[in-house]
Structure formats: C-alpha cells, structure tokens
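**Student:** my questions are about this predicted structure, shown below with the sequence.
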Amino acid sequence: MTAQDAAPGGPGILLVLDGWGHAQPGADNAVDAARTPVLDELTRRHPSTLADASGEAVGLLPGTVGNSEIGHMVIGAGRPLPYDSLLVQQHIDSGELRENPRLVALLDALAAGVGALHLVGLCSDGQIHANVGHLSELLAAAAARRVPRVWIHVITDGRDVADGTADTYLTQVTALAAAAGTGQIASVIGRGYAMDKAGNLELTDKAVHLVADAVGAEVNTASEAVHASERGDEWVAPSILRDATAAGIADGDGLVWFNFRSDRIQQLADRLLDHVAATARTVHTLSLAQYDTRADIPALVQRADASGGLADELTAAGVRSVRIAEAEKFEHVTYYVNGRDSTVRSVEEHIRITGPGAPDYRARPEMNLDQVTDAVVEAAARPGVDLVIANLANIDVVGHTGDYSATVKACEHTDAAVARIVTAAAQSGRWLLLVGDHGNAEKMTKQAPDGTTRPYGGHTTHPVPLVVVPSHEGAGTALPERATLADVAPTVLHLLGHKPGSAMTGRPLL
Ligand SMILES: O=C(O)[C@@H](CO)OP(=O)(O)O
Ligand SMILES: [Mn+2]
Ligand SMILES: [Mn+2]
C-alpha cells in the first residue's frame, strides 16, 4: 500500500459496544428501554446502518447466533471467516471426523489397552462454545472402534441458552449415548466452575478433581445435581454419579475435549493435564478444534487462516493503533481482531484494564467502564495515535446475567461513556465508528423447550447498529441500508485514508 493510494483520511476511534444488538422495541429489549440519549442522537444525526453479525454473514452456520470471537475476528479480517463450529460440522457431515486418523488411533489404542475414553464439554446447543450434537459423532466413533468404557463429563450451560434448560440437555446426552450404544454420564458441573477464563483457579480445580479424580458431591442422577443448584445451570455444583465413582482418569486413558471454542476451556485443559501428569498418569488427549493451551493438544479440526486483516494492513501502512479493553474483552481487541495472532506489532500498544472483578455483574453493571473510558480519552488525546480500537464490555457481560434491569443500567452506563468518547473524538479531530460485535441485550427472554418464557442472557442473530461519526460536522454520506461486520475494516482503512486490504471482501461503507 503506498501513500498515493491514500484517500483523504485522518485519525479515528473504532469502538465496539459488545452485545449491542438491534431489535424492534419490546418488553425484553433492554437496549431500547435504556435511557441512551447520546447513542440515540448519534444514530439519528450521523450516517448509520445495521450490520449482520451472525450466521453465514460472518462465517457461522446459517441461523447461528454471533459471538465475540468470530465477531472481532471478522471486524479485523474484513471478510467472513469459517468459524470452528462450522468447520467441525463440515468435518462431521463429510464423515471425516469419524475416520480422522488422530481419533481412530486414540480409540483403537483404548480398545486394545482396555482404557476408558473421557468426553468433556459444554452440553447445550448454544453454538457459542460447543454443540451437544457433536458429542453424538464422538460416541458413534467410540462405539465403532469398540472402546470398552466411555465416560461423559457434562458441563452445564445456562449462559448461551436459557437458564433452567440443563435438564433437557442431560436427557439429550443420555439419548445420544443410548443411540450410539455407548457412553455414560460420569460427572456434572456448571460452566461457572469449569469454564472460568479469568484465572480463578479455585473454580477450575473443582472441575479438575471432578474429572480427573472423581471427586465431587455424590448424586444418584445428573438431574439431581442440576436441581440442587441454587444459582442456576451455570453454577451446578461439581457432582459425581454414584455409579461412576471409578470414573477418574486412569493411566493410559484417553480424553477428548468437545468444546470447539478455546478461550473458556483452555484454563481447565491446562490445569487438568498438569494435575494428571503430576500424579504419574498419562492421558492421551485430543480437542475437537484447535486450543490456545500451553499444553500441546492435537486438534481434530484445524482453524481457518485469518491473516491479511486490519493488523497486517495497519502494520504495512505504519498506522499506529492503541487497543483498549477490560480483562473480560481484552483478547477480543488484540488477539481476535488481529486474526488469532498474539503478536504485539511494533505499531501497536495494548492496554488491558483490570479492576475488581465480580462473579455476579448484576451488582456492578458499570464494571470497570470508567477506567476503560479514561484510557480511551487519554489515547485519543495523543497525536501520535492514529487509531484507537476499544471494546466496552458492559452490554454483553451484564446481559449474560439475564437480569433485565441490570442490563438496562449497563446500557445507560455505556451511553455515558460514549458521551465522553464522542467529546474526546471531536476535540482531537477524530472520526468515530461505533459497532456491535453481535446481539445480546436487545432480547432478554427466550422460550424454553417446555414452552415457558425464561430470562435469556445469550446472544442473538439480530443485526448490530453501525454508526460513523465524522471528524467534522457535515461530513459523511448516507450508509448502505445493510452491511456486515466484514465492512468494518475496509471502512476504517478508508477513514484513515487507505484502501481496503487485498484479502478483504468487505467494502468501505462511505
Ligand atoms: O462469555 C462468553 O464466553 C460468551 C458466551 O458464552 O460470550 P462472548 O462470545 O461475548 O465472549
Ligand atoms: Mn461479544
Ligand atoms: Mn457474550
């Protein structure tokens, strides 16, 4: 890319409002109900549109809700990327998974050595971290290779799907095992313990000792464990089935992780493998899709290449960017926007805001938003910074509590933060592009399989608002009626005065 390619452009701010989706006004639309005068005014006064952030528009299976990983990867890549859930499903549908040489070798070794197979993963069809449907293929493969014993370690959800649905998924797991002719639920634990990603190792260790050593509350049935939970499906206590107290990992066993997303299972995977090795056991382990673990876990399905996006184009053009988010979403504005690349490039500065976490954000919908906003305002004031890329986590993270009023507050806190950022942009002659990464807070209830309407803190297939606030009044033409997240990077490059990257299929929206 050379200077003469440059269109007129200048410095700016790319601001991702996580979980900021668009839907018609309604009783469960917290985004619409919240008092957000600044966002309302920006959307009214400046070029804005709706961007598709789910399904095939971003590289997911049709009808699949968006998620932060693919959302930020596509925002950075400027093109849809086949996501791990899609690649795994294709591998299953083609029959390749069942014949995958790595899987066959593991299963045959267990059959020959009479070792047990442990299957560990989130059991729901939320399609953000896992799909319980993938379990059936693994069970079928184990049955076909005559593995003598298959233990299923269930992680319950309540976050990607409506809370209070874990029992339904347990029934589904039991049915899948019966259909495959192999597999038995050995343990049950909530994702709050097993899928912590914030370094709360006391939570992770409960899952480690449950799966590795069969240490947990003894229950007669998995349902008993679910119904005993006082904090919903996400926090089902670590429980071991009475007829599976021998289900700990024995030397020579095999273990397949069936979450296709790494970020919330990798802490458990590393911790469990360390523990097993430290107790003189060898476990042969595979993951359905690639993990970012310290341990080298061979994957059955490889990731799509996500290079050639914004990070590469900014580096090539010498455009300096500052990345800012609080811990919950820090990897999103660095690793994922950069195409699953943890390199801190010479033109990048990464600022991770830490502050008091809260196991329950209902009580703290503001999270660490003030500190994040301070950092954005400070970076925007620096002339040497061409681009600020920041994520405001509140609408999504508080949305995941499923608590409508807390989520309304999260939207209102976000609006106040946007007000400060708009002022900072104007004072430093910057344009500002605001966009959601997927929907969440615009739909806070969902019908459960039993027909009841329940609180829902999960993601949606709704489009997300995309607003371009020009660097000076009067600039900025109308945007197309509809866009996708793949158009964000080409638009950011255009606003900076550069052409889209050659690998980008999205287009500049103005
Ligand atoms: O919290 C998470 O891990 C998922 C929901 O399970 O949300 P997001 O994709 O926004 O990170
Ligand atoms: Mn998100
Ligand atoms: Mn989310």
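**Tutor:** Okay, I see it. Ligands and ions are numbered 1, 2, ... in the order given.

**Student:** going by C-alpha atoms from here, please, whenever you check contacts or count neighbours.
**Tutor:** Fine.

**Student:** just how off-centre is the helix or strand in which Arg323 is found within its chain?
**Tutor:** Per DSSP states H and E: Arg323 is located in strand 321-326. Remark: strand 321-326 is offset 18 Å from the chain centroid, using CA atoms, centre = their mean, to the nearest Å.

**Student:** shift numbering so it begins at 42
**Tutor:** Will do, 42 is the new start, and the previous item becomes strand 362-367.

**Student:** contacting residues for whichever residue of the chain sits closest to ligand 2?
**Tutor:** In the chain, the residue that lies nearest ligand 2 is Ser109 (3.4 Å; CA to the ion). Ser109 sits next to 59, 373, 478-479 when contact means CA atoms under 8 Å, 6 or more residues apart in numbering.

**Student:** rerun that using 7 Å as the cut-off
**Tutor:** By CA atoms under 7 Å, 6 or more residues apart in numbering, Ser109 lies in contact with 478-479.

**Student:** what does the pLDDT read for it?
**Tutor:** If you check Ser109, the pLDDT there is 98.

**Student:** His325 now?
**Tutor:** Value listed for His325 in the pLDDT field: 98.

**Student:** who is it paired with across the strands?
**Tutor:** Gly295 (DSSP bridges).

**Student:** picking up where we left off before, which other helices and strands contact the strand holding Arg364?
**Tutor:** When contacts are defined as 3 or more CA pairs under 7 Å, 6 or more residues apart in numbering; DSSP states H and E, strand 362-367 packs onto strand 389-394, helix 410-421, strand 428-433.

**Student:** now the first one: buried residues?
**Tutor:** To tie it back to what came earlier, the one meant is strand 389-394. 389-394 (16 or more other CA atoms under 10 Å).

**Student:** again, but for the longest one
**Tutor:** For helix 410-421, burial by neighbour count (16+ other CA under 10 Å) applies to 410, 413-414, 416-418, 420-421.

**Student:** try stretch 475-494
**Tutor:** So for stretch 475-494, counting by 16+ other CA under 10 Å, buried means 475-487, 489.

**Student:** strands - which of these land there?
**Tutor:** 475-477, 486-487 (DSSP state E).

**Student:** can you state the direction angle for the strand holding Arg364 and helix 410-421?
**Tutor:** Strand 362-367 runs at 170 degrees relative to helix 410-421, counting by axes from the mean of the first three to the mean of the last three CA atoms, to 10 degrees.

**Student:** average pLDDT across strand 362-367?
**Tutor:** 98.

**Student:** check stretch 149-156 too.
**Tutor:** 94.

**Student:** next one: it to chain centre, how far?
**Tutor:** From the chain centre to the centre of stretch 149-156 is a distance of 35 Å (CA atoms, centre = their mean).

**Student:** hmm, who's touching it?
**Tutor:** Here stretch 149-156 has contacts from 157, 186-189, 293-295, using CA under 7 Å, 6+ apart.

**Student:** one more time with 6 Å, if that's ok
**Tutor:** 187-188, 294 (CA atoms under 6 Å, 6 or more residues apart in numbering).

**Student:** do the same with stretch 467-480
**Tutor:** 52-62, 94, 107-108, 112, 500-501, 503, 505-512.

**Student:** so among these, which ones count as buried?
**Tutor:** 52-62, 94, 107-108, 112, 500-501, 503, 505-512.

**Student:** filter these down to the ones near ligand 1?
**Tutor:** Asn108 (CA under 6 Å from any ligand atom).

**Student:** residue of the stretch 342-491 of the chain nearest ligand 1, please.
**Tutor:** Asp437 (6.2 Å; CA to the nearest ligand atom).

**Student:** measure how buried the residue in the stretch 192-341 of the chain that ligand 1 sits nearest to is and give me the count.
**Tutor:** Residue nearest to ligand 1 within the stretch 192-341 of the chain: Asp201 (5.2 Å; CA to the nearest ligand atom). Asp201 has 22 neighbouring residues, counting by other CA atoms under 10 Å.

**Student:** that older thread, quick one, what contacts the residue of the stretch 342-491 of the chain closest to ligand 1?
**Tutor:** 59-60.

**Student:** ok, is the helix or strand hosting it in contact with ligand 2 or not?
**Tutor:** In this assignment (DSSP H and E), Asp437 forms part of helix 435-440. No - using CA under 5 Å from the ion, we find that helix 435-440 stays clear of ligand 2, coming within 6.0 Å at best.

**Student:** nearest residue to Leu341 other than its sequence neighbours?
**Tutor:** Closest residue to Leu341 apart from its sequence neighbours, by CA to CA, 6 or more residues apart in numbering: Leu329 at 5.0 Å.

**Student:** what helix or strand does that neighbour sit in?
**Tutor:** In the assignment (DSSP H and E), Leu329 maps to strand 325-330.

**Student:** ok now that strand, how far from the chain's centre?
**Tutor:** The answer for strand 325-330 is 19 Å, by CA atoms, centre = their mean.

**Student:** list of residues touching stretch 265-280?
**Tutor:** So stretch 265-280 is contacted by 197-199, 204, 207, 228-233, 257-259 (CA under 6 Å, 6+ apart).

**Student:** can you flag the buried ones in those?
**Tutor:** Burial by neighbour count, judged by 16+ other CA under 10 Å, picks out 197-199, 204, 207, 228-233, 257, 259 from these.

**Student:** narrow these to those in helices?
**Tutor:** With helices taken from DSSP state H, the overlap with those comprises 207, 232-233.

**Student:** between those residues, which is nearest Leu433?
**Tutor:** Gly233 (22.1 Å; CA to CA).

**Student:** do you know how far the closest one is from Ala118?
**Tutor:** Noted for Gly233: a distance of 31 Å to Ala118, by CA to CA, to the nearest Å.

**Student:** kindly report the same for Ala150.
**Tutor:** 41 Å.

**Student:** more crowded one of these two?
**Tutor:** Neighbours per residue, other CA under 10 Å: of Ala150 and Ala118, the larger number sits with Ala118, 35 against 18.

**Student:** the closest residue to that one other than its chain neighbours: how many residues sit nearby?
**Tutor:** Spatial nearest neighbour of Ala118, excluding adjacent residues (CA to CA, 6+ apart): Gly350 at 3.9 Å. By the criterion of other CA under 10 Å, Gly350 has 25 neighbours.

**Student:** ok, now which ones touch the closest residue to Gly480 other than its chain neighbours?
**Tutor:** Nearest non-adjacent residue to Gly480, counting by CA to CA, 6+ apart: Gly62, 3.7 Å away. Applying CA under 6 Å, 6+ apart, one finds that Gly62 lies in contact with 480-481, 483, 504-505.

**Student:** those residues of this structure touching ligand 2, which are they?
**Tutor:** So far as CA under 5 Å from the ion goes, the chain lies against ligand 2 at 59, 109.

**Student:** where does the chain have low pLDDT?
**Tutor:** 42-49, 399-400, 514-517 (pLDDT under 70).

**Student:** hey, which helix is longest across it?
**Tutor:** Ranking each helix of the chain by length (DSSP H) puts helix 445-468 first.

**Student:** go through that helix and flag the buried ones.
**Tutor:** Here helix 445-468 shows 445-463, 465-467 as buried, counting by 16+ other CA under 10 Å.

**Student:** for the helix or strand harbouring Ala248, buried residues please.
**Tutor:** Assigned by DSSP H and E, Ala248 falls within helix 242-254. Buried positions in helix 242-254, judged by neighbour count with 16+ other CA under 10 Å: 242, 244-254.

**Student:** closest one to Arg403 out of the residues you listed, please.
**Tutor:** Once CA to CA is applied, the member of the buried residues of helix 242-254 that ends up nearest Arg403 is Leu244, at 19.8 Å.

**Student:** just give me the neighbour total for the nearest residue to the closest one once chain neighbours are set aside.
**Tutor:** Nearest non-adjacent residue to Leu244, counting by CA to CA, 6+ apart: Tyr234, 4.6 Å away. Neighbour count for Tyr234, taken as other CA under 10 Å: 25.
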